[in-house]
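Chemist: Quick one, what's the 3D model for this:
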Amino acid sequence: MIVKTFGSAIYGVDAITITIEVNVSSQGTRFYMVGLPDSAVKESERRIESAISHLGFRMPRTRTVVNMAPAAIRKAGAAYDLPIAIGILGASGKIPADSFDRYLLMGELSLDGSLLPIRGALSIAIQAQQEGFRGFILPTVNAHEAAMVAPLEVYGVTHLSEVLQFFHQPESLTPIASTPPTQLQGNFDLDFSDVKGQYNIKRALEIAAAGGHNAILIGPPGAGKTMLAQRFPTILPPLTLAEALETTKIYSVAGKLPQHASLVLKRPFRSPHHTISDTALVGGGSYPQPGEISLAHNGVLFLDELPEFKRQVLEVMRQPLEERRVTISRARSAVDFPAGFMLLASMNPCPCGYFNHPDKDCSCTPAMVQKYLNRVSGPLLDRIDLHVEVTPVSFSDLTGNREEEKSTYIRERVMAARAIQAERYAALPGIYCNAQVGSQQLKRYCSLNDNCRQLLKNAIQQLKLSARAYDRILKVSRTIADLAQCQSIEVAHMAEAIQYRSLDREGWM
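Modeler: Residues are numbered from 1 along each chain as shown. Model (predicted):
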């Protein structure tokens, strides 16, 4: 008897439905599994045999063939245990198989029949809903995540016996009800009001948040670079539901979504150590997994002490910064991962950290300073919109009683500027903020009057800026104008944008 059940394979951050065909014949005694399964899938025979024996059943002692189609896609992981086990029991006549085609099943079996968590539940649920499945049966710990996809019926189970009972009596299980939250903004333990002084740095980060721009902070140790960066997510706009679902898919596939969590509620803030490899940063591996830049999708990637990162690691970010996605190519396939992140970096101005310090002397020679700065390539700096010089906090600011502005008020201004941009780019799919505008749209949305054009011309000639830096200045000036609620870019907006290209200045050191 041939029975079909349905599972799913994760390909990148999306899912592909896998048809599992089980044939139990009356001749022969061997168990065969075909369809390009990996070792974990092949080992399912022993787990399934132990699990169903705990329910009082026995594995068929006749010839059993399990085919996983399409055969061209490699099947990896132990999450196929459940659909294979149900297929074997159905083909053996132990449970009715008339409703198998309406449900998608995934779950790893323990030896006693209990179900263990899986990865990519949200991606699988989305694919199941698109392909017209009635329901999705999976471990309870992943059920709330999958239940975000309506109107798909999601059933959370803890043991194989519950699945068998469901196919005998469908009313034995109740679908999980999960309502998307109305406000996608978690609570923050940090706040911009914790930072004393540094008003120009806060202003630069507000501009970065309002336009989705990349930024780098350059200053001596103890000036507050890391402290400011850690509070940067508190002024970003809340995630939209579409962004939350997209981010949750990535975290689910990577296995980094907390148990029983249904959605990622905060914009990601990833801060990898400078010893990270290029594969860990951009993604990859034998079975490609998302890297840090994809885990920072719709959020922030913070690289502290930027020159300490290996040059090869930094250079692999150049293309994802432009294309907002990363392609992992292998001999047989290529996988795309989203990488729409904001890059926030920090660095010292020299090896000792005190170059241009108002009070402390620098012990570095000019050659040492230049060698240190050259660890970060010009093409990468070109892709960073705001270069912000951080100076030490003054004693009066540090000990003063002035009440610092809270993140809530800054975020309100950022959201107002983002609302202007959302309306401006409503007709352009995939563009939501100024940083995402392409060169073709710059002339239309960043038109300049004669005074602004002359100011920009002088800056380009004196600073010897590249064409990419020219585009960045236009985008930043457009954001500054949006924060000021101005329809057009004025000279003051252009001048402020130009000052954020400090690392482009010839002889900066």
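
Chemist: CA only for contacts and neighbour counts going forward, please
Modeler: Fine.

Chemist: Flag every buried residue along stretch 15-27.
Modeler: Residues of stretch 15-27 classed as buried by neighbour count (16 or more other Cα atoms under 10 Å): 15, 16, 17, 18, 19, 20, 21, 22, 23, 24, 25.

Chemist: from the residues you listed, which single one is nearest residue 430?
Modeler: The nearest member of these to residue 430, counting by Cα to Cα, is residue 15 at 22.0 Å.

Chemist: residues in contact with residue 393?
Modeler: Residue 393 sits next to 196, 197, 198, 223, 224 when contact means Cα atoms under 8 Å, 6 or more residues apart in numbering.

Chemist: Please repeat the previous calculation with a cut-off of 7 Å.
Modeler: Contacts for residue 393 (Cα atoms under 7 Å, 6 or more residues apart in numbering) come out as 197, 198, 223.

Chemist: What does the pLDDT read for the first one?
Modeler: The reference is to residue 197. pLDDT recorded at residue 197 is 84.

Chemist: For it, give its distance to residue 355.
Modeler: In this view, residue 197 and residue 355 are 21 Å apart by Cα to Cα, to the nearest Å.

Chemist: now do the last one
Modeler: With distances defined as Cα to Cα, the gap from residue 223 to residue 355 amounts to 13 Å.

Chemist: So which of those two has more stuff around it?
Modeler: The residue with more neighbours, out of residue 223 and residue 355 and counting by other Cα atoms under 10 Å, is residue 355; that gives 21 against 17.

Chemist: Was I right to think the more buried one contacts residue 348?
Modeler: No: in this structure, residue 355 is not within contact of residue 348 by Cα atoms under 7 Å, at 8.4 Å.

Chemist: For residue 120, state which of the contacts of residue 393 is nearest.
Modeler: Nearest member of the contacts of residue 393 to residue 120, counting by Cα to Cα, is residue 223, at 41.4 Å.

Chemist: contacting residues around the closest one?
Modeler: Applying Cα under 7 Å, 6+ apart, we find residue 223 in contact with 390, 391, 392, 393.

Chemist: Quick check: the first one vs residue 419, distance?
Modeler: Right, the one you point to is residue 390. From residue 390 to residue 419 the distance is 29 Å (Cα to Cα).

Chemist: which of the two has more neighbours?
Modeler: residue 390 (22 against 15).

Chemist: which residues touch that one?
Modeler: Each residue near residue 390 by Cα under 7 Å, 6+ apart is listed here: 201, 217, 218, 219, 223.

Chemist: cutoff 6 Å now
Modeler: By Cα atoms under 6 Å, 6 or more residues apart in numbering, the residues touching residue 390 are 218, 219.

Chemist: Distance of it relative to residue 270?
Modeler: 22 Å.

Chemist: again, but for residue 250
Modeler: For residue 250, the distance to residue 270 - Cα to Cα - is 13 Å.

Chemist: Residue 359 too?
Modeler: For residue 359, the distance to residue 270 - Cα to Cα - is 33 Å.

Chemist: of these two, who's got more company?
Modeler: Each of residue 359 and residue 270 has its neighbours counted (other Cα under 10 Å); residue 270 has more, 20 against 8.

Chemist: surely that one meets residue 301?
Modeler: Yes: taking Cα atoms under 6 Å as the definition, residue 270 is a contact partner of residue 301 at 4.9 Å.

Chemist: Can you pull the residues that touch both of residue 250 and residue 270?
Modeler: With the criterion set as Cα under 6 Å, 6+ apart, the contacts of residue 250 and residue 270 do not overlap.

Chemist: quick check, residue 335 in a strand?
Modeler: Yes: assessed with DSSP: H, G, I helix; E, B strand; the rest coil, residue 335 lies in a strand.

Chemist: Distance from the chain centre to the helix or strand of the chain with the lowest mean pLDDT, please.
Modeler: Here the helix or strand of the chain ranked lowest by mean pLDDT, DSSP states H and E is helix 395-399, holding a mean of 78. Helix 395-399 sits 38 Å away from the centroid of its parent chain (Cα atoms, centre = their mean, to the nearest Å).
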